[in-house]
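Novice: Dropping a prediction and its sequence here:
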Amino acid sequence: MILTFALSLFLLQSRPAESRPAVQELKPFGDAEVTQPRVAAVAAVHVDSTPGKMHTGVEPPDPSVPLAVHIIGQRGLDVVYTQYDQTDDKLFITPKKLLTVKSGAAMRRGPRIAAFGKRVVVTAPEGGDKDARRILSVVSNDNGKTWSGPAYITDAPGAAAECFHDLAVTAKGEFLVTWLDTRTGKNKGQAIYFSKSSDGVKWEKNRKIYESPNGSVCECCPITIAAGIDGRIAIVFRNSIDGARDLFKAKSVDNGATFSEIQPVDGKTWRLNACPMAEAGLAYETDFGLFANEPVIVNNRDGALTLTFNGIFDPFDLGRGRRPAVADLSGEIFIAYVCENDGQLGMYWSWGEPMSTRKLMIPPRAGGETVDSPALAIGLSHDVWLAFEVRRENKVSSRLVQPWGPSGLAWPVQENK
């Protein structure tokens, strides 16, 4: 793996600057004020189990499924959807309103999207008063052409008051949702709940995965979920125990039937008498080797980003930043974040282990623009997509770029991080 990384890095760094295509930044919703954009995550599939051989890490292409990038966001109280067709001159379809919720999207509270074959599932927090506050889902079974729903994921009204949730899809096409839930927490504190569905419509009975011994996990920190292969699932959340706001992970090896490993992500403790509103980035390493089928986590502790490979090595320092997002493509790790000092987009690329981690040289945005809420996903054509907000003065809009595509990395690699 290390020799392969060294060769890849040499080829990327030795490519003449003029041969690198200009990065195409797309506006999936035009100039409309759409926040919290997300790109559909696709399932990691084990294609070749021969020791030492790599697999694609994504679904094998189905000729009947057009190569499309599914994108959602929130415009006011409307959850809107569009599609980037990679087989038809890469044109966007007219955005569609999928459902209307009762609260705005901010701080990672917006909708989520995942796809398996022709099935696309979108989830969103309802918000509203105590008789609402559920997590909803809508589904398309024809690659985004028509939609049905909404269905209720949460089986108790008022349970998802904080609106933090996340969505993933397994290699068998099951859709997984986790969220912060108040129905059983001490003094209405937040607990970690989970449900799954084979079709995005009928959801299993809600199950409590974890409740802090102090009565509540961190009340307003986003939660994230990811699925590996062979029934592996990880949920990462920020806990609250005796004044410590440490990042925890809950792992399942039986497709979510049980979550037996619930423990801190690393050995460091963050003492804070308030909610830091600091989330983590999470993906599963899909390559063979030391970290095969194990979670890769980026922690955000007090503005410092650290990369952890299943706790095997000490956390690897990535510098200052916030809003981390992680994606894995056959063992190559992509990390997007917002630079703490100037609000610009930052990215790292890693060949699946700490020593290979390199920063990408992304030019700063002009005209006082900043970015927020980056989200990464792997595409069916073995590419990587990044959606994020662009903010200028009091206006916000969504963008879509391809950090990894037919020409390799979109931006040059910095020699030292």
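Specialist: Nice, thanks for sending it over.

Novice: going forward, measure contacts between C-alpha atoms and count neighbours the same way
Specialist: Will do.

Novice: What is the subsequent helix or strand relative to the lowest-mean-pLDDT helix or strand in the chain?
Specialist: Lowest mean confidence among the helices and strands of the chain (mean pLDDT, DSSP states H and E): helix 2-14, at a mean of 42. Moving toward the C-terminus from helix 2-14, the next helix or strand (DSSP states H and E) is strand 35-39.

Novice: Residues in contact with that following strand: which ones?
Specialist: Under the contact criterion Cα atoms under 8 Å, 6 or more residues apart in numbering, strand 35-39 has outside partners 69-75, 105-106, 108-114, 373, 375-377, 385-389, 396-399.

Novice: Go again with 6 Å.
Specialist: Counting by Cα atoms under 6 Å, 6 or more residues apart in numbering, strand 35-39 makes contact with 70-74, 110, 375, 377, 387-388, all of which sit outside it.

Novice: ok, now stretch 403-415?
Specialist: 359-361, 383-384.

Novice: Now intersect those residues with the strands, please.
Specialist: The strands in this structure, assigned by DSSP state E, contain 359, 384 from those.

Novice: Can you select the buried ones from the contacts of stretch 403-415 in ChimeraX?
Specialist: Applying 16 or more other Cα atoms under 10 Å to these, the buried members can be selected in ChimeraX as follows:
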select :359,360,361,383,384
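
Novice: Look up how far residue 220 lies from the nearest residue to residue 161 once chain neighbours are set aside.
Specialist: The spatial neighbour of residue 161 that comes closest, neighbours along the chain excluded (Cα to Cα, 6 or more residues apart in numbering), is residue 133 at 5.1 Å. Using Cα to Cα, to the nearest Å, residue 133 is found at 15 Å from residue 220.

Novice: Name the residue in these two with the higher neighbour count.
Specialist: Remark: of residue 133 and residue 220, residue 133 carries more neighbours, 24 against 20, as counted by other Cα atoms under 10 Å.

Novice: tell me the pLDDT at the more buried one?
Specialist: pLDDT recorded at residue 133 is 93.

Novice: wouldn't it be in contact with residue 126 here?
Specialist: Yes - if you go by Cα atoms under 6 Å, residue 133 and residue 126 touch, sitting 5.2 Å apart.

Novice: how about low-confidence regions in the chain?
Specialist: Counting by pLDDT under 70, the chain contains low-confidence ranges at 1-22, 41, 43-64, 89-90, 185-187, 287-292, 310-313, 352-355, 415-417.

Novice: remind me, longest strand of it?
Specialist: Assignment by DSSP E gives strand 316-329 as the longest strand of the chain.

Novice: List the strands paired with it, with their directions.
Specialist: Here strand 316-329 has these sheet partners by DSSP bridges: strand 304-309 (antiparallel), strand 332-339 (antiparallel).

Novice: Columns mean neighbour count and distance to residue 95 on top of these, output as CSV?
Specialist: Output for those, formatted as CSV (neighbours: other Cα atoms under 10 Å; distance: least, Cα to Cα, whole Å):
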stretch, mean neighbour count, distance to residue 95
strand 304-309, 21, 35
strand 332-339, 24, 25
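
Novice: Let's have those in CSV, adding distance to residue 275.
Specialist: Putting the strands paired with strand 316-329 into CSV (distance: least, Cα to Cα, whole Å) gives the following:
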stretch, distance to residue 275
strand 304-309, 16
strand 332-339, 19
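
Novice: quick one: which of those is nearest residue 145?
Specialist: With Cα to Cα as the criterion, residue 145 lies closest to strand 332-339 of these, at 30.0 Å.

Novice: Figure out how far the helix or strand following the closest one is from the centre of its chain.
Specialist: Next along the chain after strand 332-339, taking DSSP H and E as the criterion, comes strand 345-350. Centroid separation for strand 345-350 versus its chain: 15 Å, with Cα atoms, centre = their mean, to the nearest Å.

Novice: quick one, what contacts the residue nearest to residue 161?
Specialist: Neighbouring residues of residue 133 by Cα under 6 Å, 6+ apart: 126-127, 158, 160-161.

Novice: May I have the phi/psi pair for it?
Specialist: With angles defined as degrees, to the nearest 10, residue 133 sits at phi 50, psi 50.

Novice: where does it sit relative to residue 157, distance-wise?
Specialist: 6 Å.

Novice: what is residue 399 paired to in the beta sheet?
Specialist: Beta-bridge partners, per DSSP bridges, of residue 399: residue 388.

Novice: now do residue 321
Specialist: With DSSP bridges as the rule, residue 321 is bridged to residue 339.

Novice: Pull the number of nearby residues for it.
Specialist: Using other Cα under 10 Å: residue 321 sits among 24 other residues.

Novice: Look up how far residue 197 lies from it.
Specialist: Note on residue 321: its distance to residue 197, by Cα to Cα, is 35 Å.

Novice: One more: residue 134?
Specialist: In this view, residue 134 and residue 197 are 16 Å apart by Cα to Cα.

Novice: now residue 102
Specialist: Using Cα to Cα, residue 102 is found at 24 Å from residue 197.

Novice: what do you get for residue 124?
Specialist: Distance of residue 124 to residue 197, computed by Cα to Cα: 15 Å.

Novice: Please name the residues that touch residue 283.
Specialist: 226, 295-296, 326-327.

Novice: Include distance to residue 143 and neighbour count when you put those residues into a markdown table, please.
Specialist: Below are the contacts of residue 283 laid out as a markdown table (distance: Cα to Cα, whole Å; neighbours: other Cα atoms under 10 Å):
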| residue | distance to residue 143 | neighbour count |
| --- | --- | --- |
| 226 | 22 | 27 |
| 295 | 29 | 27 |
| 296 | 29 | 25 |
| 326 | 25 | 24 |
| 327 | 22 | 27 |
